[in-house]
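Student: With the sequence up front, the predicted model follows.
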Amino acid sequence: APLVAPDISKCGTNPLSGFKAGADTPEGSDCCPPDSSQIMDFQFPKEEVFRVRPAAHLLSPSYIAKFNLAIKRMKELPADDPRNFLQQAHIHCAYCNGAYTQSSSGFPDVEIQIHNSWLFFPFHRWYLYFYERILGSLIDDPTFGLPFWNWDTPAGMKIPSYFNESSSALFDSKRNQDNLTAVVDLGYNGQPSTLSDLDKVTNNLAIMYKQVVTNATDPLLFFGGEYRAGTEPIRGGGSVEQSPHTPVHRWVGDPRELNGEDLGNFYSAGRDTLFYCHHSNVDRMWSLWKTLGGKHKDLTDSDWLNTSFVFYDENKNLVRVYVKDCLLTSRLGYDYQRVDVPWLNSRP
Ligand code: C2O
């Protein structure tokens, strides 16, 4: 059977809960969303407008200003508003740090963990879908698209510089200070790279080819291990989830912090705005992978398709969504700016 969306009124009551990363991390109950008396069923957006998610390193000054303003307003919302910046970060914590059990699926002793399995891509797609719409509504711009950190192209491999301005709402002090202006290492394993920038770029392109093409020749290899009701967490992540997704988290996370906060730990990752741009590009990889043809198709397992989650939308309504409804970004009203994909030609 498919995993059923958690009952948020039971958030934080997981007796197994506990942050395994370190004693100083918060309890699952600290990540719980405000409760809601009503759950709505998802409806596809009806607007005429389409959102094009732009490459983060190519943003115009006015787009940067718009993004910054939207995040600033999100941070200024009341702390208990589900659209508030920290509330949105908590979504990641709640679904990943043991705040929910699978009690709605009949397994109250098994916790929910949407990483390291086939839930990784669809969960994050839905998460960003609502995040983007909340940002757009806060600036009254229904065309607002969440920028993607284009770490798979040479010109996009650094953290875009506007994230480093301390007066910006996009700024986060908890990042690895050695990497603020460095070329990202898509294979980062905790050791600083000794390669020259040029070699890092070549290496990164080879990693992209390997993870999206060579190591993802069928749907389960791309999406990750099967995860159904009753499944214990950690089935094994798909190729892109394992790398570059996780190395980028660790590479940005701050080694001065005990648990690699912010980006380097599940509970805190969503506190860095870079998280959403990082995941926008991860989500773009799903779309790109499907253009490769042949077996590069979405899973057809009905447990995957019928998995559900709940999120608050831009009107503060709690909405139930299904994996099967997120497979086509065009139906969700967005797409990605077309940019070169240099690694497709980087077969070693
Ligand atoms: Cu939910 Cu990039 O992790």
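Tutor: Perfect, thanks for sending it. Residues are numbered from 1 along each chain as shown.

Student: residue ranges for the helices of the stretch 201-348 of the chain, please.
Tutor: For the stretch 201-348 of the chain, the helices defined by DSSP state H, counting those that start in this stretch occupy 219-223, 239-240, 246-252, 266-269, 274-290, 302-305.

Student: hey, least reliable of those helices by pLDDT?
Tutor: Across the helices of the stretch 201-348 of the chain, the stretch with the lowest average pLDDT is helix 266-269; it has a mean of 92.

Student: Show me the residue at the heart of the chain, geometrically.
Tutor: Centroid-nearest residue in the chain, with C-alpha atoms, centre = their mean: His279, separated by 3.9 Å.

Student: ok, that residue to the ligand distance?
Tutor: Applying C-beta to the nearest ligand atom, to the nearest Å, the value for His279 to the ligand is 6 Å. To be clear about C-beta, it is placed using only N, CA and C from the backbone, and glycine gets the same treatment.

Student: which residues touch that residue?
Tutor: His124, Tyr127, Leu128 (C-beta atoms under 8 Å, 6 or more residues apart in numbering).

Student: can you tell me which helix or strand the first one belongs to?
Tutor: Element membership for His124 (DSSP states H and E) is helix 120-138.

Student: helices or strands up against that helix?
Tutor: The contact analysis (3 or more C-beta pairs under 8 Å, 6 or more residues apart in numbering; DSSP states H and E) places helix 120-138 against strand 51-53, helix 61-76, helix 85-96, helix 274-290, strand 308-312.

Student: Quick check: which of these is nearest to Ala5?
Tutor: Of all these, it is strand 308-312 that lies closest to Ala5, at 4.1 Å by C-beta to C-beta.

Student: tell me the pLDDT at the residue nearest to Ala55 when sequence neighbours are not counted?
Tutor: Nearest residue to Ala55 in three dimensions, chain neighbours excluded: Asn150, at 4.3 Å (C-beta to C-beta, 6 or more residues apart in numbering). Note for Asn150: predicted pLDDT of 98.

Student: go on, Leu170?
Tutor: Leu170 is assigned 98 on the pLDDT scale.

Student: Pull the number of nearby residues for it.
Tutor: For Leu170, the neighbour count with other C-beta atoms under 10 Å is 21.

Student: re the thing from before, want to try a markdown table for the helices of the stretch 201-348 of the chain, with distance to Ile8 as columns?
Tutor: Listed next are the helices of the stretch 201-348 of the chain as a markdown table, based on distance: least, C-beta to C-beta, whole Å:
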| stretch | distance to Ile8 |
| --- | --- |
| helix 219-223 | 26 |
| helix 239-240 | 29 |
| helix 246-252 | 25 |
| helix 266-269 | 17 |
| helix 274-290 | 21 |
| helix 302-305 | 22 |
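
Student: Of all the ones you listed, which one comes closest to Gln88?
Tutor: Among these, the nearest to Gln88 by C-beta to C-beta is helix 274-290 (8.8 Å).

Student: who in the protein is up against the ligand?
Tutor: Selection of the chain residues close to the ligand by C-beta under 6 Å from any ligand atom yields His92, Cys96, His115, His124, His245, His249, Ala269, His279.

Student: looking at those, which has the most residues close by?
Tutor: His124 (26 neighbours).

Student: which one is that residue nearest to, not counting chain neighbours?
Tutor: For His124, ignoring the flanking residues on the chain, the nearest one in space by C-beta to C-beta, 6+ apart is His279 at 5.1 Å.

Student: what's the answer for Phe309, then?
Tutor: Leaving aside its sequence neighbours, Phe309 sits nearest to Ala5 (C-beta to C-beta, 6+ apart; 5.2 Å).

Student: May I have the phi/psi pair for the one you found?
Tutor: Note on Ala5: backbone dihedrals following degrees, to the nearest 10 are phi -50, psi 140.

Student: i'd like the first residue to be 797 from this point on
Tutor: Sounds good: first residue 797 from here, last item Ala801.

Student: Need the pLDDT of it.
Tutor: pLDDT, Ala801: 97.

Student: just the one 3 residues further on next, same as before
Tutor: You'll see Ile804 listed with a pLDDT of 94.

Student: my read: it touches Ser833, true?
Tutor: No - assessed by C-beta atoms under 8 Å, Ile804 is found out of contact with Ser833, at 11.1 Å.

Student: Tell me which of those two has more neighbours.
Tutor: Neighbour count, other C-beta under 10 Å: between Ile804 and Ser833, Ile804 has more, with 20 against 6.

Student: Give me the nearest residue to the more buried one, chain neighbours excluded.
Tutor: Pro829 (5.7 Å).

Student: Over to Leu1114?
Tutor: Spatial nearest neighbour of Leu1114, excluding adjacent residues (C-beta to C-beta, 6+ apart): Ser832 at 4.0 Å.

Student: Does the one you found fall in a helix, a strand, or a coil region?
Tutor: coil (DSSP: H, G, I helix; E, B strand; the rest coil).

Student: so who does it touch?
Tutor: Ile804, Tyr1108, Asn1113, Leu1114.

Student: Ile1030 too?
Tutor: By C-beta under 8 Å, 6+ apart, the contact list for Ile1030 reads Gln909, His911, Asn912, Ser913.

Student: Same check on Gln1007?
Tutor: Here Gln1007 is in contact with Ser1035, Val1036, Gln1038, Ser1039, Pro1040 (C-beta under 8 Å, 6+ apart).

Student: Dump the residues you listed to CSV, plus neighbour count.
Tutor: Shown next, in CSV, are these (neighbours: other C-beta atoms under 10 Å):
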residue, neighbour count
Ser1035, 22
Val1036, 25
Gln1038, 16
Ser1039, 19
Pro1040, 27
